[in-house]
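**Q** The sequence isn't on hand, but the structure is:
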């Protein structure tokens, strides 16, 4: 044990020395799924390091809670992988600097003019099902609500612990407004269970326990490309789908502001944007449609996009959560 | 006086470490939040639900464990030792893996509902309060069974032979020998399980079916993540500690020591007359079969699901495995170093017992955040990833180790203290010649549990992770998080095998080291 610890200590010392030689270190906070070899992290690191003359270091974990705990002493230069559910809180900390990018020509269905949080990819929420198993999928949100209680069982994520779950609250709110609680009451009997996060929910779906799962319109692309399986499809609703971009931002306190800015530039570069599609299974924020992989070009997409701006979402989420709790507790 | 101080010092140090980890982190979070903030009505509902499900889960686990432990005690059959070990497996499984196993058996598309449908019977639903309780019994029945079985094994075999020569049947044996033993063991078992279920998070959320099944730990999570209200998180964590300490004090009052006295340490051979006739045999067979089926089918399902992917795991799984094994072994050692002095002191000092149980009352989220806040001004927390994981894993195992050791230490004290004193057997010599050999079995069992817990626990790594250091459960989550469900299932099988192998090896080691 002792020798192991000493070995670990020695190794990390060597690592520190190797890094300390000359290259500056750009520290990027990212979520866990992002930095594993199945996430986009390794490709980003390789791509950026090829030109920046620096060492890009990912720190994986709960990005915003960590930055907030560290405050202005944070060692992060850049954060990547934030969801829109936390931007209001993140902005209020005053820790983040403008991204200085031109966001007028992004390839997103929503016009983006946030000066601080820069989208790098996006998708729309959707209920995903297996077309070989589910014979009566809903063709609209209204159909989903009005289907008989035993038509299908859905697994959703908890809005208190998951960004997808919270976005679903806002989706329902965007369509049904004051009638949201009534909508939830109709949906409640068809909800098999509520999971802490996306992984558990999606696992229950692929295991066949649930007929439908709250995921993204881009989820089927993974199964088609990586598994050669086209049975998983997203139900497309004419009422519109909720838009969920993933965001990056640079810190005011960064010791390498020039590098951090270069990284923000890199995020919108064609290289990054082409890579992110299949690395994160979502649409790139800035890439012409015809440059997407074919599978992504052919994905069925909703005609209407719903999105609640940050200020409004911040006001809505507390009451919306209470409605959700009341409806599902019945 | 100096000798007494020397005797208490190790326990005091161990206790201080635990108190710092549990109370210190809570205080750190409260200070950072600028004080505690008030609770909401939804929090009160969460507290009510938490208390109710924890009490019911503990009651059911203990009640069901009695016939199982009795059957295992008075029957001998081929593979009995292996079965006892295997039946411990649910307790040491990572939560998410076990939940998927339960769903494979009791879920909508599970074996049981498939069988019911075959006979045209309405399907059962595992989602809801019944699912939470089922899962908690699944997790904790093994713990209760082992604790009660140890109680049975601690009754000297002379007492059973005496009972036989007095012409006792099963009823009188139960009244004279078994009930006093249960009276001594059950409050501790109930308490341990109650506390485990008190801090339930993922089980309650995934199987609870929705916001009705909100536990205090989930309310803490919500306060942190959804409301960014650290003050309320700290208040809720404090409520959790207060409930647990109250439960501890009540349990301590109702626990009576069993006093069977020392025997000659001959191994117990079941006596037909005490074990009853055909009806009792049938009862025992039923108890063992049902318990084994309930506990082992979900594990078998997890194992079978992951088996095909086992040969197809990404290479990084192996480095994650190595990391997990190192942490597990180190945290096992740390657990024993902390738990043994506390358990030894606990027979005389109530504070030692309560401190040893403290980690069970802690909210993992508050503990991780508090530790992060404390460490942050001095050192980059990511460089603490492994030590922190090791320390918290060890701390979370200490209550179990202490619970397991405590009854046996009480017996040891009652039976051998006078002899040891008259021989002036003290200090290291006493530890080497008397304490450690007599405690070999519970020490082995505790070590097995500690190692297994550490293997399976995701723990605080998410706050301290540097992106490179990875444990096996974290790798499993990362695979799940990037659509690789089959590989994740493979990783779960691997985790299952390793966790069980570690547990089994250490548990067996304890048996071999036992002089009896």
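**A** Sure, I can see it. Being a predicted model, the structure only gives us computed values, none of them experimental. Numbering: from 1, shown residues only, chains lettered A, B, ... in the order given.

**Q** Quick check: residues of the stretch 1-150 of chain A near chain B?
**A** Residues of the stretch 1-150 of chain A lying close to chain B by Cβ under 8 Å from any Cβ of the partner chain are A:1, A:4-5, A:8, A:12, A:30, A:32-33, A:35-39, A:41, A:57-62, A:65-66, A:68-70, A:73, A:75, A:89. Backbone N, C-alpha and C define where each C-beta goes, glycine included.

**Q** so how many other residues sit close to residue B:291?
**A** By the measure other Cβ atoms under 10 Å in any protein chain shown, the count of residues near residue B:291 is 22.

**Q** Checking my notes, it in a helix, right?
**A** Yes. The assignment for residue B:291 is a helix, going by DSSP: H, G, I helix; E, B strand; the rest coil.

**Q** Does anything pack onto whichever strand in chain A runs longest? Which helices or strands?
**A** In chain A, ranked by residue count with DSSP state E as the criterion, the top strand is strand A:118-130. The criterion is 3 or more Cβ pairs under 8 Å, 6 or more residues apart in numbering or on different chains; DSSP states H and E, and the helices and strands that strand A:118-130 contacts are helix A:163-176, strand A:212-216, helix A:219-227, strand A:232-235, strand A:241-251, helix A:257-267, helix A:270-280, strand A:283-284.

**Q** any idea what residue B:408 is structurally, helix, strand or coil?
**A** Local secondary structure at residue B:408 is given as helix here, using three-state DSSP.

**Q** residues contacting it?
**A** B:150, B:154, B:438-439, B:441-442 (Cβ atoms under 8 Å, 6 or more residues apart in numbering or on different chains).

**Q** Can you pick out the most distant pair from those residues?
**A** Between all members of the contacts of residue B:408, the longest pairwise span (Cβ to Cβ) is found for B:150 and B:438 and amounts to 13.0 Å.

**Q** how many neighbours does residue A:116 have?
**A** 14.

**Q** so how many other residues sit close to the closest residue in space to residue B:67 that isn't next to it in sequence?
**A** Nearest residue to residue B:67 in three dimensions, chain neighbours excluded: residue B:287, at 4.2 Å (Cβ to Cβ, 6 or more residues apart in numbering or on different chains). A count of nearby residues for residue B:287, using other Cβ under 10 Å, gives 21.

**Q** Beta-bridge partners for the spatially most central residue of chain A, please?
**A** In chain A, the residue lying closest to the centroid (Cα atoms, centre = their mean) is residue A:246, at 4.8 Å. Counting by DSSP bridges, residue A:246 forms beta bridges with residue A:83, residue A:121.

**Q** what's the distance between it and residue A:124?
**A** Going from residue A:246 to residue A:124 by Cβ to Cβ, to the nearest Å gives 13 Å.

**Q** ditto for residue A:261
**A** In this structure, residue A:261 and residue A:124 are separated by 30 Å, where distance is defined by Cβ to Cβ.

**Q** So which of the two has more stuff around it?
**A** A side-by-side neighbour count of residue A:261 and residue A:124, using other Cβ under 10 Å, places residue A:124 first with 25 against 19.

**Q** Assumed residue A:155 was part of a strand.
**A** Yes. Counting by three-state DSSP, residue A:155 is part of a strand.

**Q** Spell out which residues sit in contact with it, please.
**A** With contacts defined as Cβ under 8 Å, 6+ apart, the neighbours of residue A:155 are A:191-195, A:201, A:204-205, A:209-210, A:212-214.

**Q** State the three-state secondary structure for the closest residue to it other than its chain neighbours.
**A** In this structure, residue A:155 finds its nearest non-sequential neighbour in residue A:210, 3.9 Å apart by Cβ to Cβ, 6+ apart. Here residue A:210 is recorded as coil under three-state DSSP.

**Q** same deal with residue A:106?
**A** coil.

**Q** quick one: buried residues of whichever helix or strand residue B:495 is part of?
**A** In this assignment (DSSP states H and E), residue B:495 forms part of helix B:485-513. By neighbour count on 16 or more other Cβ atoms under 10 Å in any protein chain shown, the buried set for helix B:485-513 is B:485-496, B:498-500, B:502-504, B:506-507, B:509-510.

**Q** Which ones, among those residues, also lie beside chain A?
**A** Counting by Cβ under 8 Å from any Cβ, the members of the buried residues of helix B:485-513 that reach chain A are B:485, B:488.

**Q** Go through the contacts of residue A:155 and say which is closest to residue B:87.
**A** So of the contacts of residue A:155, ranked by how close each gets to residue B:87 (Cβ to Cβ), first place is residue A:209, at 25.5 Å.

**Q** residue contacts, that closest one?
**A** The contact partners of residue A:209, taken as Cβ under 8 Å, 6+ apart, are A:155, A:192, B:103, B:107-110.

**Q** Could you list which of the residues you listed belong to strands?
**A** Among the contacts of residue A:209, the members falling in strands (DSSP E) are A:155, A:192.

**Q** in the stretch 151-300 of chain B, which ranges drop under the pLDDT threshold?
**A** Applying pLDDT under 70 to the stretch 151-300 of chain B picks out residues B:255-269, B:272-276.

**Q** So which bits of it are right by chain A?
**A** By Cβ under 8 Å from any Cβ, the part of the stretch 151-300 of chain B that sits against chain A consists of B:201-202, B:205-212, B:218, B:221-222, B:224-226, B:228.

**Q** Okay then, goodbye and thanks.
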